[in-house]
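A.B. asks: Need coordinates for the following:
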Amino acid sequence: MASPSFNGDKYRSYLHGEEEKNTKWRFGSAPNYDVVDKLFEEGRTKVWPPGSLEEKVQNLVKTWEMEMFHKTCFEDYKSVDPNNYTFSLNGRKPITLEEKRKLGGGYNSFMQTSLPEKYRGYNPAEETVESSHIAFTKAFPRGFALEVVHVYSGPPVIVYKFRHWGYMEGPFKSHAPTGDLVELYGIAIFETTGPPVIVYKFRHWGYMEMEGPFKGHAPTGGLVEFFGMAILEEDEEKKIVLVRFFYDRGEIPGGLLKGTKIDSSAFC
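C.D. replies: Coordinates of the predicted model:
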């Protein structure tokens, strides 16, 4: 799994460094996550131990999300296998990176819906990657933070529960900001290449008997034991080849359309 680079961003790999010197960024340069990381650190419900499976999964998801939203060339993606990657939302037919681009990229693949167009608070059919980026960054000026709240299985098939949240402190589609918390919970499956991560609990024990004094202390004959957890992971780079998300996509526009209708030019 991708591990944090600690070269300008402690949660995301493949964002800074020599290997990114030729990366083509959607908005001209590498994104800065300082503001949304502050929101994440202030609002997260879980603080995972360094090196834990949960932390590794969370960093992988943040890295994947960064590449999907900010890198324009498939060959610059390092967390996924561009030739075999597919994405699916709520059981829909999986789509490739090229098909995802045809949907408009950005938020559009996450906001797919079968609702008639007149009922869509956000209509991905009318949005581009640029217009969707503007709409959501205006609505969430402090960002839309992500945390992993539970990991059900590790690589090669990662299953996890996530939470996305932000505060509507800007307008959205001619609706006034409310300042309210907008949040979303869901389940995701990431399938990766490479060998699995093995997580196990172990027990070590022995008896301190007559033949075994220790550091000047007499043997007791008693049982000495301890329990612990360990993670075994092969040192092989993993690439994401399959992504499946399951969540109520209506939670996002539902939380952003509560404000009164306004003249959108007042917020330009």
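
A.B. asks: For residue 9, give me its contacts.
C.D. replies: Contacts for residue 9 (Cβ atoms under 8 Å, 6 or more residues apart in numbering) come out as 15, 16, 33. Backbone N, C-alpha and C define where each C-beta goes, glycine included.

A.B. asks: hang on, I meant residue 84
C.D. replies: Residue 84 touches residue 241, counting by Cβ under 8 Å, 6+ apart.

A.B. asks: try 10 Å this time
C.D. replies: 96, 97, 191, 193, 239, 240, 241, 242 (Cβ atoms under 10 Å, 6 or more residues apart in numbering).

A.B. asks: so is it in a helix, a strand, or just coil?
C.D. replies: Look at residue 84: counting by DSSP: H, G, I helix; E, B strand; the rest coil, its state is coil.

A.B. asks: Let's see if you can find the most crowded of the contacts of residue 9.
C.D. replies: residue 15 (24 neighbours; other Cβ atoms under 10 Å).

A.B. asks: Could you point out which residue ranges in the chain have low pLDDT?
C.D. replies: The chain contains residues with pLDDT under 70 at 1-8, 195-200, 208, 210-214, 230-236, 264-268.

A.B. asks: ranges for the strands of it?
C.D. replies: Remark: strands assigned in the chain by DSSP state E are 86-89, 145-153, 157-167, 181-192, 197-207, 223-233, 240-247.

A.B. asks: burial measure for residue 170, as a count.
C.D. replies: By the criterion of other Cβ under 10 Å, residue 170 has 18 neighbours.

A.B. asks: Apart from its chain neighbours, what residue comes closest to it?
C.D. replies: Sequence neighbours aside, residue 138 is the residue nearest to residue 170 in space, at 4.4 Å (criterion: Cβ to Cβ, 6 or more residues apart in numbering).
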